[in-house]
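S.K.: Sequence first, predicted coordinates after that:
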Amino acid sequence: MTAVTTENILLASASVTVEARDGTSKPASVSILAYSGGVMTVPGWGPIAIDLTGLDIPKGQIGILADHDASLRGVVGHGTAEVRDNSLIVAGSISPATDVARQVIELARGGFDLQASVGVEPIEHVRVRAGETVGVNGRTLTAPTGGMTLVKRGRLREVSVVALACDPSTRVAVAASGYRRADSPDEERIRSDERERVRSIEAACQPGPQGWGSRESDVKALRASAIEGDITIDELHARLLEVIRDSRPRTGAPFERSSPPKAKVIEAAILMRAGLTPIAERAHGAAVMEAADRLGVAHMLDLCRMALEAERIDAPRGREEMVRAALSTITLPEALGGAANRVLLDGYGETPATWRAFGAVRSVPDFKGATAIKPSFTQPLEPVAHGGELKHGGAIETTTPFSIDTFGKMLSLDRRDLINDDLGMFDEAARAMGQAAMRKLSDLVYDTVLTNAGSFFSSGNANLLTGADTNLGVDSLGLAIAAMLTQRDAEGNNLDIRPATLVVPPQLQSIARSVLESEFITAPANAPTGNSARKAVALEVEPRLSNTAKYGSKASLKAWYLFGAASASPVIVAFLNGRQTPTVEYFGLNQDANRLAVSWRVYFDFGAALCDPRAAVRSKGEA
């Protein structure tokens, strides 16, 4: 199974079974295997897997559409979704009440191989490095070369019936011979459209004046795939364009006038030399990677020489002199800095950040104090008489102050590293610095939560559970959920804040998983045995909550937290100008009697603050 992406929606191709019954008004049943639980490839995301335990599935019906058309004319039917045997199953019916629904049933009756596509909105995802394994959907998945993305939490939006999904190997088994309608389908039009499609493919594959040369067999294979429907016409044109580019003569010069930017090519070659080809591919694409591969780099000194040639500077004969001269150019430091930045951001992105489940991200233009509105303190609308005026609302206690600071470090590369062909900095120092940046951000967020400034968690805010009954369990979690759901303003209006995420220290993760995932719980005689807390909220395990060595008495092995969604703003996480990643800047040469090195400064501007107490609950978990 493969998938495509539309903004933040994963459209996962799947198999569909349609059974059309006799009569024009009776619905046709439809069964969809939406996702089987394994790894799929998504353009723009690469290899990806979805954790079905974190998939938010609507409890009622979901719409079945045609070609993801969310308007009324695109409605085909409806169905229900469930996770069964570690797979996502959608079952429902297609009602012949719209033109597109009747067309789907008619195509099924005529033997057309329909396919399906399911829309999933990713809410939280993490990177899994190449070769690492994760336990998900009842199986162990190994990340392929270049790593993969694991969608830990997502939301099922819709399912569509399509003519050609992103996975051309899927087919639809149909039993629809009993369906009839007054006017038969326009079979001649269908055949005409198919003839036109084949003519377009044939025209695209016609050779130019120079022919296809040695790539003629490749073009024939692409033509056959397009006719069979394995690739779309747009994909055919894109691949033929690559064939045309490959067939053009090359001069063999390191940098041609039409080549990609010199520093980018050297940057890609540095990453390839450091064994980080997947990062280079994601950052630069095929053209730059091809140019970097043509350089044939066998040693970092080769790149020093090429950087000098790119700036029309004669390369000195001595190794140290050549390295010194190359580090004095613009090209090599820019390429080294770019490579370090790529690896740093890769390390930053793969580091866990549990606060993203509940932290409301804000952008600020400077380092001055800023304020954020607490969503739950907005006043309700009031009825307006005919011809009357709207009343002004108050803003008492509706804001919370916050600010940001700068955190940074220096990163250096000694000339001896280049002479020794040692690029360990890129997969060790730079990656470690990226991971440290995310850890520092998480440290600040959870230090803010644990500090509890201004009695954010307190009985006065109705968001603090204390006593022997607050140890984590089904009953205590129910109390916390009820506390958040029953939050009201001063006039008694319900605020409709929904609990979203349970955050616990590692010492409570086994209990938390049992509470949220067990189907049954031990109960007294004659009492129900179901688990009312099963899948009530998502789970995050945060080791900082119990880190007494760092946070002292503020940390606890028993305390746990319940937060609303990030949109409810329980915690504010702010970034300068909305930049949520560290900044890497070239700093220049650092010379003394014994050392020559290039350096980069890495800095990150962020801050955190508690915002809306009504969207958060803390339990002390006392024994």
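M.R.: Looks like it came in fine.

S.K.: Where does the prediction get shaky in the stretch 401-550 of the chain?
M.R.: Applying pLDDT under 70 to the stretch 401-550 of the chain picks out residues 410-427, 520-531.

S.K.: Now do the helices in it.
M.R.: With DSSP state H, counting those that start in this stretch, the ranges of helices along the stretch 401-550 of the chain come out as 415-419, 424, 430-451, 474-485, 509-517, 548-551.

S.K.: so which of these is the most packed in?
M.R.: Stretch with highest mean neighbour count among the helices of the stretch 401-550 of the chain: helix 430-451 (a mean of 21; mean count of other Cβ atoms under 10 Å). Any C-beta I mention is one placed from the backbone N, CA and C, and that applies to glycine too.

S.K.: Map the structural domains onto the sequence of the protein.
M.R.: Domain ranges of the chain: 3-184, 190-247, 262-329, 354-381+394-452+574-610, 461-571+612-619, per automatic domain parsing.

S.K.: could I get those domains as a markdown table with distance to Leu344?
M.R.: Supplementary listing: the domains of the chain in a markdown table, determined by distance: least, Cβ to Cβ, whole Å:
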| stretch | distance to Leu344 |
| --- | --- |
| domain 3-184 | 14 |
| domain 190-247 | 31 |
| domain 262-329 | 11 |
| domain 354-381+394-452+574-610 | 4 |
| domain 461-571+612-619 | 22 |
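
S.K.: between these, which gets nearest to Ala340?
M.R.: Minimum separation from Ala340 across the domains of the chain (Cβ to Cβ) falls at domain 354-381+394-452+574-610, 4.5 Å.

S.K.: got the helices of the stretch 401-550 of the chain as CSV, with distance to Pro613 columns?
M.R.: Putting those into CSV (distance: least, Cβ to Cβ, whole Å) gives the following:
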stretch, distance to Pro613
helix 415-419, 51
helix 424, 47
helix 430-451, 12
helix 474-485, 10
helix 509-517, 23
helix 548-551, 20
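
S.K.: Ala462: which of these is closest?
M.R.: With Cβ to Cβ, the closest approach to Ala462 among the helices of the stretch 401-550 of the chain belongs to helix 474-485: 6.1 Å.

S.K.: so what secondary structure elements neighbour that closest one?
M.R.: If contacts are counted by 3 or more Cβ pairs under 8 Å, 6 or more residues apart in numbering; DSSP states H and E, helix 474-485 sits against strand 464-465, strand 499-504, strand 560-564, strand 616-619.

S.K.: How about Ser200: what's its closest non-neighbour residue?
M.R.: When the adjacent residues along the chain are set aside, Ser200 lies closest to Ile233, with 5.9 Å between them (Cβ to Cβ, 6 or more residues apart in numbering).

S.K.: Contacts only, for the one you found.
M.R.: Taking Cβ atoms under 8 Å, 6 or more residues apart in numbering, we find Ile233 in contact with Arg197, Ser200, Ile201, Ala204, Ala226.

S.K.: Any figure for the gap between it and Glu196?
M.R.: Distance of Ile233 to Glu196, given as Cβ to Cβ, to the nearest Å: 11 Å.

S.K.: Please apply the same query to Ala203.
M.R.: From Ala203 to Glu196 the distance is 11 Å (Cβ to Cβ).

S.K.: In this structure, which residue is most central in space?
M.R.: Using Cα atoms, centre = their mean, the residue of the chain that lies closest to the mean C-alpha position is His125, 4.8 Å off.

S.K.: Three-state assignment for it, please.
M.R.: With DSSP: H, G, I helix; E, B strand; the rest coil as the basis, His125 sits in strand.

S.K.: picking that back up, right, and the helices and strands packed on helix 474-485 - which one's nearest Arg601?
M.R.: Closest of the helices and strands packed on helix 474-485 to Arg601 is strand 499-504, at 33.5 Å (criterion: Cβ to Cβ).
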